[in-house]
Each structure stands twice: as structure tokens, then as C-alpha cells.
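K.L.:
how does the following fold in three dimensions:
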Amino acid sequence: MQYDVLIVGAGSAGLSAALTLGRCLRRVLVADGGRPRNEASPGVHGFLTRDGIRPDELLRLGHEQLQPYDSVEVQCLEIESITQEGRGFRATGVGTADDLPVTITARRVLLATGVADILPPLPGFRELWGRGVLHCPYCHGWEVRGQPLAVYGQGRTVTGLALLVSRWSPDVVVVTDGPGHLTPNARRRLRRQKIRIREEHINRLVGSESNDLKCIEFVDGSELERTAVFLHAPQHQRSDLAKKLGARHNSKGAVWVDSSMQTSIPGLYAAGDTTPGTQQALLAAAAGSKAAIVINEGLTREECPR
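P.N.:
Presented below is the predicted three-dimensional model:
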């Protein structure tokens, strides 16, 4: 079936783009590939009018608000390949519920597939992810304000994050799981903020019965009671569709886009965590809406040549 726009991904960016395009009377297919990155979190924060909403409830409302727009379809699809075809694209995939193959053609494609976090291979990090192990102080700092916190990592990255987290708590400890590779200046800056450093190897994170963090257990048997651990986890793209098409990526693996949200492939756009920049649900939704406006205006120029 021919669509104006295929949106791959049904998180904040994808659903926001679908809403805007639906209001433009565009024929849109949203390929919902599954669970969002933030599903383990108890709440989405900093989202105006929806602060603290559960991630699944935010998406439920997003789907619900698409229903009046008859030109927008949402299907449970895993898009496996996209190829350029003339001035548009051909996508193939499979239904996640029935395993039936699907072929779609679209004039434009918007990738909103997001990223996956690569957590340390230590017991407790995955199990406590989203509750006692946190990635963003802007998203979760207020909930653990004033409590004993840890920041995990090494080098320059952990220094910057620890200094940032100290805005929310006077009791912050850097845990490096071995040599921290901290410069003398970094140690001085941390010491000035009364941030301690523990460079012992970590054995595991110990959770409470309510699945919150109780303490960090080191290999030597000592324990450090903490309410939460923050870290900047490495990430990888949840989809390699952009790479298969030959789209440009930055040095960190994010899909490069220009000021119009277009990738290096004409007609292929990207929005949300797939692209470089600050990652937050509200910003992803805004980027999705911006991409949709750019796409609609481009299609309109194509339909109304001079």
C-alpha cells in the first residue's frame, strides 16, 4: 500500500509526528516495533501536563489521540529493510503478532526507533534499571533529592555527571569499579564539592524487597548504602535501518540529521533518541512534530510545483 509517510517507531517522537501529519490529512503508517526504552521507569518526568505519568500510560494516550485521524494507521510491525525506489521508499517487514510479511511503499520515511542502553555486566544493574539505577538527573534527580547517591563510571564522563548530580544531593560518591582514570584536576574539583571517590572493584548492587537500591557491595565485602546510582551508559541504535541505507552517523553512532531533521539520504528523516542531542521524552515529542512539519511542507511543494 502507498503512504505519504512511513514512521518507524511508536515512542514519543513517532506518535507526535503521526499526530501532526494526521492533522495535515497525510496518509501515514506507524510501525510499532515493541517496548520503549523507558518501560522500566516508574514515571516520565519533565513532560508538561504529564509529569510523573507511567511510560505505558503516556503511550496509551498517544495512541488514543490518533484515533480521530482516519488517515493514520498504527500496526505492530518490525520493519526489516528499507530501500530507495524512485523518489520514495519500499519497506519490508513482518507483523509482530502474526509473523506475516508486509511490504509498504512511502514517499517519505521517518525513523524514530530510539536507542538501547548498554549497562555494566555486573549483578544488579539490569535488575534495578529505571528505579535504583538511573541515567538522567533531569528525569529522576528530584525523586532522590537529598538522599545518598552514587555515580558510576571513569574519567571525564563520571566527573561531569557527579558534579551535576551534586546539585540534587550533598552526599554523592563516585564509584569507578577499579582505577578511575581521574586527572588531578578532576579529583580536585570533586573534592571541592565534597564528592568522595571509591575505586574498589564492585561485586554487585543489592536491591531491597521493593526493587529499589539498598547498597553497593564491593569485592572486598564492604558495602556502601545508596538510594540510587547514576551513570552515562553507552548506547547503540535499536535499529540498523539507517546504516543499511548508508545514512551518515556521528562519532557516537547517532544518526546525523540537518536542521530540518533530514538524514544524509534525501527523503529519509530521523527524530528522537535516534539522533544526537539531549534525550528526554518531551524533546523527542517536539522533534517528531518538527520533522512532521518539515515533511508535510516538502510534500506540499512537490505536489504544488511552481
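K.L.:
strand partners of the longest strand anywhere in the chain, parallel vs antiparallel please.
P.N.:
The longest strand of the chain (DSSP state E) is strand 101-111. Strand 101-111 sits in its sheet next to strand 2-8 (parallel), strand 88-95 (antiparallel), strand 268-270 (parallel), going by DSSP bridges.
K.L.:
which strands and helices sit next to the helix or strand following it?
P.N.:
Per DSSP states H and E, the first helix or strand lying C-terminal to strand 101-111 is strand 115-117. Secondary-structure packing of strand 115-117 (3 or more Cβ pairs under 8 Å, 6 or more residues apart in numbering; DSSP states H and E): strand 235-237. C-beta here means a position set from N, CA and C on the backbone, and glycine is covered the same way.
K.L.:
who touches Leu29 in this structure?
P.N.:
By Cβ atoms under 8 Å, 6 or more residues apart in numbering, the contact list for Leu29 reads 1, 3, 5-7, 73-75, 104, 106.
K.L.:
that one belongs to a helix?
P.N.:
No: membership of Leu29 in a helix is not supported by DSSP: H, G, I helix; E, B strand; the rest coil, which gives strand.
K.L.:
any idea what it is bridged to?
P.N.:
On the basis of DSSP bridges, Leu29 takes part in beta bridges with Leu6, Glu73.
K.L.:
tell me how far it lies from Met1.
P.N.:
Using Cβ to Cβ, to the nearest Å, Leu29 is found at 8 Å from Met1.
K.L.:
and the longest strand of the chain, how far out from the chain's middle?
P.N.:
Strand 101-111 has its average C-alpha position 22 Å from the chain's average C-alpha position, going by Cα atoms, centre = their mean, to the nearest Å.
K.L.:
what of stretch 288-306?
P.N.:
Counting by Cα atoms, centre = their mean, stretch 288-306 is centred 26 Å from the centre of its parent chain.
K.L.:
same question, stretch 233-245
P.N.:
Centroid separation between stretch 233-245 and its chain, computed with Cα atoms, centre = their mean, is 12 Å.
K.L.:
now do the end-to-end distance for that stretch.
P.N.:
Start-to-end span of stretch 233-245 (Cα to Cα, to the nearest Å) is 27 Å.
K.L.:
mean confidence score for that stretch?
P.N.:
Stretch 233-245 carries an average pLDDT of 94.
K.L.:
and the contacts of it?
P.N.:
Stretch 233-245 is contacted from outside by 8-9, 33, 37, 79, 81-84, 111, 113-120, 135, 249, 252-255, 263, 265, 268, 270, 273-274, using Cβ under 8 Å, 6+ apart.
K.L.:
in that stretch, which residues are buried?
P.N.:
Neighbour-count burial for stretch 233-245 flags 233, 235, 237-239, 241-242, 245 (criterion: 16 or more other Cβ atoms under 10 Å).
K.L.:
got a quick ChimeraX command for the buried subset of the contacts of Leu29?
P.N.:
To isolate the buried subset of the contacts of Leu29 in ChimeraX, counting by 16+ other Cβ under 10 Å, use the following:
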select :3,5,6,7,73,74,104,106
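K.L.:
got the contacts of Leu29 as CSV, with pLDDT and distance to Arg187 columns?
P.N.:
CSV is the format used below for these (pLDDT from 0 to 100; distance: Cβ to Cβ, whole Å):
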residue, pLDDT, distance to Arg187
Met1, 73, 60
Tyr3, 98, 56
Val5, 98, 51
Leu6, 98, 51
Ile7, 98, 47
Glu73, 97, 56
Val74, 97, 51
Gln75, 95, 53
Ile104, 95, 55
Ala106, 98, 53
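K.L.:
which of the contacts of Leu29 lies closest to Gly207?
P.N.:
Val74 (35.6 Å; Cβ to Cβ).
K.L.:
Gly62 touches Ala13, doesn't it?
P.N.:
No: Gly62 lies out of contact with Ala13 (Cβ atoms under 8 Å); the separation is 10.5 Å.
K.L.:
between those two, who's got more neighbours?
P.N.:
Ala13 (33 against 20; other Cβ atoms under 10 Å).
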